[in-house]
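# Fold the following and give me the result.
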Amino acid sequence: MRSFSQADFDLFARLSGDDNPIHTDPAFSARTHFGRTVAHGLLLCSVLRGLVDQLLPGSNIKEQSVMFPAPTFTDEPMRFSAKITQAEGALAELGLEVRRISDGEVTCQGSCGVAP
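Numbers count the residues shown, from 1 in each chain. Below is the predicted model:
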């Protein structure tokens, strides 16, 4: 389980250079259909990448596909998961998911293919 504060979003914006106000400006975001700031997709993918490395240490992601069916907001507990869905020799495919704990809604889902 993990949650992100507005300070986390702001730090990621500074590190990545993606300072879109939907991520960094609560007043702006309050006027959007989201109603509040939302996580950078790559922030979520970065956490998922860490889980991939826990499952398959030293592996290299060769391809990745993700979608964001719902927003990930500040200060909401989220469950991040990565699981091996297929393995053949040194190659593997993993399912990736970020799920909001409060209502069970998936906010990021996808897959990645890895190799040594």
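# Pull the contacting residues for the residue nearest the centre of the chain.
The structure's the chain has its C-alpha centroid closest to Leu44; by CA atoms, centre = their mean the separation is 1.7 Å. The neighbours of Leu44, taking CB atoms under 8 Å, 6 or more residues apart in numbering as the test, are Val66, Phe68, Thr72, Phe80, Val98, Thr107, Cys108. Every residue, glycine included, has its C-beta placed from N, CA and C.
# Farthest-apart pair in those, please.
Pairwise distances across those peak at 13.7 Å for Phe68 and Phe80 (criterion: CB to CB).
# how about the nearest residue to Val66, chain neighbours excluded?
Spatially, and ignoring its direct neighbours in sequence, Val66 is nearest to Gly110 (3.3 Å; CB to CB, 6 or more residues apart in numbering).
# so the one you found touches Gln64, yeah?
Yes: here Gly110 reaches Gln64: they are 6.6 Å apart, a contact under CB atoms under 8 Å.
# got the residue ranges for the helices in the chain?
Listed from the start of the chain, the chain has helices (DSSP state H) covering 6-16, 21-24, 26-30, 41-55.
# got those as CSV, with distance to Leu91 columns?
What follows is these, written out as CSV (distance: least, CB to CB, whole Å):
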stretch, distance to Leu91
helix 6-16, 30
helix 21-24, 35
helix 26-30, 41
helix 41-55, 13
